[in-house]
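K.L.:
kindly return the folded structure for what I paste below:
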Amino acid sequence: MQKRFLSKITIRAPKLYEKLVKFETEKGNFVDLKAVYEDSLPTSSSQGTVIGFHGSPGSHKDFKYIRHRLDDMGIRFIGINYPGFKQTDAYPGQRFTNLERQRYSDAVLDELDIQGKIIIMGHSRGCENALITTTYRNPHGLVMINPTGLRIHKGSRPKGKLEGLNYMHKQLPKRVGDIILFNYEFSFLFFSIDCSSSSIKNCRIQIQDGQEAMAVIRTIQKCDLEKQMESILKLNEMSTKVMITFGGNDHLIEKEIIFEALQNYQGLKHFDFQSEITDSEKQEILNIFKKHKGISVFVERDNHFQNKKRADLVSDAVETMFLH
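P.N.:
Here you go, the predicted model:
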């Protein structure tokens, strides 16, 4: 099988747009915010539209390798940028909870008024919101890449660590607190990620300053891990096509936690791989969508960034979903 070296692909520049959206905070205040989002085909696509919800840290760029392939397939991609992560500005009193995240992303999607088939896609922390959004927007498909499970994982342990950092930041002058948090987050990413030569270049730019570091901490702290069960049970009653993919060499989320969560999903055919997936094996995976609800794919040697490593599998799965 010929290997695809995705890191050598020249990725076309994203097409960024702005929309003024209005949504309600948890405290009942209304926020007018300029939402920045990526839209690869603003004139729409006859095949369908993929809506991406990024991780923490993250942005629409989480999906650039997938989006590049979707471009070639003529499939529209819209990348939501959550407030506080350098693309869309934060707003006063932002809580970083799923409730406020949902109200923001719903406001963006309502403004865009997307027609035709839709697939919701999440990476990492964004998978919670992708799952929630799916349960009431009833899209054609749902893709979750390196999702969180139903209980606390190593990226959030010990629980008091995040609470302590949050408390410390509130007590210090903002400038001092931002510097401390930025250095803490950079050290965490640098020593936790498998820093190959290409990864080392990208470690620092994942978090640009202390303000974004605080957004990362608060967003992870506000995960609703156990509450995802409500959405999973709703999803089981829906006809929505589903793909879940995760790796065994994930520095943030233990594979055991994801396997536990998978037991609650119904109608998914599971596939296990050690490392590479051959063309024939990939075709076997894709064929499942013709007659069944969906798939879960585990690759033992994959890390937390299957949005890059498995861009070909994910994009091909999206194309197949739209056809069935």
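
K.L.:
make it CA atoms for all contacts and neighbour counts henceforth
P.N.:
Noted.

K.L.:
and residue 291, how far is that from residue 323?
P.N.:
Using C-alpha to C-alpha, to the nearest Å, residue 291 is found at 12 Å from residue 323.

K.L.:
okay, those two: which has more neighbours?
P.N.:
More crowded of residue 291 and residue 323, by other C-alpha atoms under 10 Å: residue 323, with 11 against 8.

K.L.:
so what does the more buried one look like in phi/psi?
P.N.:
Main-chain dihedrals, residue 323, degrees, to the nearest 10: phi -80, psi -10.

K.L.:
surely residue 245 touches residue 146?
P.N.:
Yes. Counting by C-alpha atoms under 8 Å, residue 245 touches residue 146, with 6.1 Å between them.

K.L.:
now do stretch 214-225: distance to the chain's middle.
P.N.:
Counting by C-alpha atoms, centre = their mean, to the nearest Å, stretch 214-225 is centred 14 Å from the centre of its parent chain.

K.L.:
buried sites along it?
P.N.:
214, 215, 216, 217, 218, 219, 220, 221, 223, 224 (16 or more other C-alpha atoms under 10 Å).

K.L.:
how about CSV for the residues you listed, with secondary structure added?
P.N.:
Shown next, in CSV, are the buried residues of stretch 214-225 (DSSP: H, G, I helix; E, B strand; the rest coil):
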residue, secondary structure
214, helix
215, helix
216, helix
217, helix
218, helix
219, helix
220, helix
221, helix
223, coil
224, coil
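
K.L.:
closest to residue 69 among these?
P.N.:
Nearest to residue 69, judged by C-alpha to C-alpha, of these is residue 216 at 28.3 Å.

K.L.:
what mean pLDDT does the helix or strand harbouring residue 70 have?
P.N.:
Using DSSP states H and E, residue 70 maps to helix 64-73. Helix 64-73 carries an average pLDDT of 96.

K.L.:
and the strands in this structure, which stretches?
P.N.:
With strands called from DSSP state E, the chain shows them at 16-24, 30-39, 49-53, 76-80, 118-123, 141-145, 241-247, 268-273, 294-299.

K.L.:
mind putting those in TSV, distance to residue 111 and mean neighbour count included?
P.N.:
Converted to TSV, those look like this (distance: least, C-alpha to C-alpha, whole Å; neighbours: other C-alpha atoms under 10 Å):
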stretch	distance to residue 111	mean neighbour count
strand 16-24	7	15
strand 30-39	10	18
strand 49-53	14	26
strand 76-80	12	26
strand 118-123	15	26
strand 141-145	21	26
strand 241-247	25	25
strand 268-273	33	15
strand 294-299	30	22
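
K.L.:
make a markdown table from the ones you listed and add distance to residue 66 to it.
P.N.:
Output for the strands of the chain, formatted as a markdown table (distance: least, C-alpha to C-alpha, whole Å):
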| stretch | distance to residue 66 |
| --- | --- |
| strand 16-24 | 17 |
| strand 30-39 | 13 |
| strand 49-53 | 10 |
| strand 76-80 | 9 |
| strand 118-123 | 11 |
| strand 141-145 | 11 |
| strand 241-247 | 14 |
| strand 268-273 | 21 |
| strand 294-299 | 17 |
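
K.L.:
for residue 90, find the nearest of those.
P.N.:
The closest of the strands of the chain to residue 90 is strand 30-39. By C-alpha to C-alpha, the value is 8.7 Å.

K.L.:
please list the outside residues in contact with that closest one.
P.N.:
Strand 30-39 is contacted from outside by 14-25, 60, 76-81, 83, 87-89, 91, 108, using C-alpha atoms under 8 Å, 6 or more residues apart in numbering.

K.L.:
let's see it at 10 Å
P.N.:
Under the contact criterion C-alpha atoms under 10 Å, 6 or more residues apart in numbering, strand 30-39 has outside partners 14-25, 49-52, 59-61, 76-83, 86-92, 94, 104-105, 107-108.

K.L.:
now swap in stretch 264-271 and tell me
P.N.:
So stretch 264-271 is in contact with 229, 232-233, 235-237, 241-245, 262, 281, 284-285, 288-289, 292-299, going by C-alpha under 10 Å, 6+ apart.

K.L.:
again, only using 6 Å
P.N.:
236, 293, 294, 295, 296, 297 (C-alpha atoms under 6 Å, 6 or more residues apart in numbering).

K.L.:
can you pull out the low-pLDDT segments for the stretch 201-324 of the chain?
P.N.:
201-207, 210 (pLDDT under 70).

K.L.:
which parts of it are helices?
P.N.:
Applying DSSP state H, counting those that start in this stretch to the stretch 201-324 of the chain gives helices spanning 210-221, 228-236, 255-262, 279-287, 306-309, 311-323.

K.L.:
how far is the first one from where the chain is centred?
P.N.:
Its chain's average C-alpha position is 16 Å from that of helix 210-221, according to C-alpha atoms, centre = their mean.

K.L.:
now the fifth one
P.N.:
Its chain's average C-alpha position is 11 Å from that of helix 306-309, according to C-alpha atoms, centre = their mean.

K.L.:
how about the second one?
P.N.:
A distance of 18 Å separates the C-alpha centroid of helix 228-236 from that of its chain, computed with C-alpha atoms, centre = their mean.
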